[in-house]
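1. A structural model of the following input is requested.
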Amino acid sequence: MPFSKFGLGEGILRAIKKVGYARPTPVQTAAIPKAMEGKDLIAIAQTGTGKTAAFVWPMLHRLSQRKAENKLHGTKALILAPTRELAVQIVENIESYGRHLTIRVAAIYGGVDEASQLRAVRKGVHIIVATPGRLIDFIGRHKTDFGNLEILVLDEADRMLHMGFLPDIETIVETLPKRRQTLMFSATFPREVESLAKRFLYQPQRVQVGKRDNPAETVKQSVYEVPPHLKAAMLQELLKSEKFRRVLVFVRMKDGANRLTEFLKNEGVKVSRLHSSRSQEQRLKALQDFKDGNIHVLVATDIVARGIDIEGVSHVVNYDFPVNTEDYVHRIGRTGRAEHEGEAISLVPKGDLNLLGILEMAIGQRIERKRLRNFNYHAKSQPLEAGAPPAKRDWRKRTREMDAKKTAMPARRPAKKFSPKPKNRD
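-> Coordinates of the predicted model:
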């Protein structure tokens, strides 16, 4: 199906051609016609399938029509995203697809000085892309006006709920016009997202591409069973292969990311790290260096597991195995994007084999086991960093293990009440 069949404006079609897209993805084919009709929409699709373009293109088309009608006044569209990185990426996409249009967009997110964001809003923008927390602050101080809003997009809705943004979303939606188009995009559709859709969307159309909670078919998956103290050495050995061109490595904890980054640097690997304790400037630089190819490896926590589109990621490595299926699906979705092929590798010590089993049951497939040739699985290894404290144990994994033990324990019989015999007073 050619892009021209969607009825998009000429300027948008020229921008799409400039980006180099050959044909629409399945979620774009299913979602765009419904969004173009102005209907509320729930779109569920695996990560890396082109969901951002599926709401940005119809939005830009509608705003360009308002421009032609001389009705493009005030902020017309609001996009809520869970992280700063995703908000910045969406703005970049809007600017790319709207390069031939006179549409102004601004990002509102925390971690940076709000002065420049405030200036952009006061200057007048047609689209605002925001994280809920910083936007709540702007609304509370009357620095935004959504009286002319026509479109609300909830991107990565499942992630926003997982991060505890529901109260903020509720507060934001209360300030918006009741008559609007609401688009909800999500990789999964748990009960919480379904409940949110029933409250905020009006008779929504529903689009689902692929199976829920399943990895994209373009990603080849494999597992290396390895002792925990040898994971760093195995990762170093894997990175020697020329196939590992641009590698995204996921860890559970920030201190683990710091230690692994230092270890790889000492081994001569061009590497940087990204987690929530890094400043916004450091985070943006790490991402940009990774995108530009200035670094070979990016070590990150799950802060970049959702929605972030980095072209050309050849491999995703689960250095620390995730504790739930959703995290796994989103992590490995950073490769194999836009119908390109990618590879996801998980380093799984014996203590995490139970999590691997839970994952395989959830996705309905057994992941291929591999062994690294000429690797000494019985070697002793030094700590990643001399004098470094042991990594903190992930509380989510500990909670899951405790719940599993409770489920496995047989129910105890209720204790018999003890009724002492009355003493013989005679």
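2. For residue 149, give me phi and psi.
-> phi -70, psi 140 (degrees, to the nearest 10).
3. All further residue positions should be reported with the first residue as 51.
-> New numbering, starting at 51: the last item is residue 199.
4. unless I'm mixing things up, it is touching residue 232, no?
-> No: judged on CB atoms under 8 Å, residue 199 makes no contact with residue 232 at a distance of 10.5 Å. Every residue, glycine included, has its C-beta placed from N, CA and C.
5. And the strands in the stretch 351-476 of the chain?
-> Using DSSP state E, counting those that start in this stretch, the strands of the stretch 351-476 of the chain run over residues 365-368, 392-398, 418-420.
6. mind listing what the longest one pairs with, with the direction of each?
-> For strand 392-398, the paired strands and their directions (DSSP bridges) read strand 269-275 (parallel), strand 365-368 (parallel).
7. same question, the last one
-> Within its sheet, and counting by DSSP bridges, strand 418-420 is paired with strand 269-275 (parallel).
8. in the partner strand, what's buried?
-> Buried residues in strand 269-275, defined by neighbour count with 16 or more other CB atoms under 10 Å: 269, 270, 271, 273, 274, 275.
9. Closest one of these to residue 112?
-> If you rank these by distance to residue 112 using CB to CB, residue 269 comes first, at 33.8 Å.
10. The closest one pairs with what?
-> With DSSP bridges as the rule, residue 269 is bridged to residue 392.
11. Past the host helix or strand of residue 336, which element shows up next along the chain?
-> Assigned by DSSP states H and E, residue 336 falls within helix 330-342. Heading C-terminal from helix 330-342, the first helix or strand you meet, by DSSP H and E, is strand 347-350.
12. Point out the other helices and strands that that next one packs with.
-> With contacts taken as 3 or more CB pairs under 8 Å, 6 or more residues apart in numbering; DSSP states H and E, strand 347-350 sits against strand 297-300, helix 304-316, strand 321-324, helix 330-342.
13. The second one - contacts with which helices or strands?
-> Counting contacts by 3+ CB pairs under 8 Å, 6+ apart, the secondary-structure elements packed against helix 304-316 are helix 281-288, strand 321-324, strand 347-350.
14. So what are the sheet partners of the last one and their directions?
-> Read it as strand 347-350. Assessed with DSSP bridges, strand 347-350 is paired to strand 297-300 (parallel), strand 321-324 (parallel).
15. can you pull the contacts of residue 301?
-> Shown in contact with residue 301 (CB atoms under 8 Å, 6 or more residues apart in numbering): 307, 310, 349, 350, 351, 369, 370.
16. who's in contact with residue 168?
-> Contacts of residue 168 (CB under 8 Å, 6+ apart): 188, 193.
17. Now it: which helix or strand?
-> Using DSSP H and E, residue 168 sits within helix 165-173.
18. Only the buried residues of that helix, if you could.
-> Result for helix 165-173 [16+ other CB under 10 Å]: buried residues 167, 168, 170, 171.
19. Now do residue 282 against residue 289, distance only.
-> Remark: distance between residue 282 and residue 289 (CB to CB, to the nearest Å) = 11 Å.
20. So which of the two has more stuff around it?
-> residue 282 (21 against 18; other CB atoms under 10 Å).
21. hmm, back to that, so which of the strands of the stretch 351-476 of the chain is nearest residue 95?
-> Nearest of the strands of the stretch 351-476 of the chain (CB to CB): strand 392-398, 16.8 Å.
22. Okay, angle between that closest one and helix 281-288 too, please.
-> Here the directions of strand 392-398 and helix 281-288 differ by 150 degrees (axes from the mean of the first three to the mean of the last three CA atoms, to 10 degrees).
23. which other residues reach strand 392-398?
-> 265, 268-276, 281, 284-285, 288, 293, 363-369, 371, 381-382, 385-386, 405-406, 417.
24. Show the buried residues in those residues.
-> Buried, going by 16+ other CB under 10 Å: 265, 268-271, 273-276, 281, 284-285, 288, 363-369, 371, 381-382, 385-386, 405-406, 417, out of those.
25. which intervals of the protein have sub-threshold pLDDT?
-> Within the chain, the stretches with pLDDT under 70 are 51, 97-98, 260-264, 356-358, 387-389, 431-476.
26. what's the distance between whichever helix or strand residue 208 is part of and the middle of its chain?
-> Using DSSP H and E, residue 208 sits within helix 207-212. Here the centre of helix 207-212 is set off from its chain's centre by 9 Å, with CA atoms, centre = their mean, to the nearest Å.
27. Identify the residue spatially nearest to residue 178, adjacent ones excluded.
-> residue 128 (5.2 Å; CB to CB, 6 or more residues apart in numbering).
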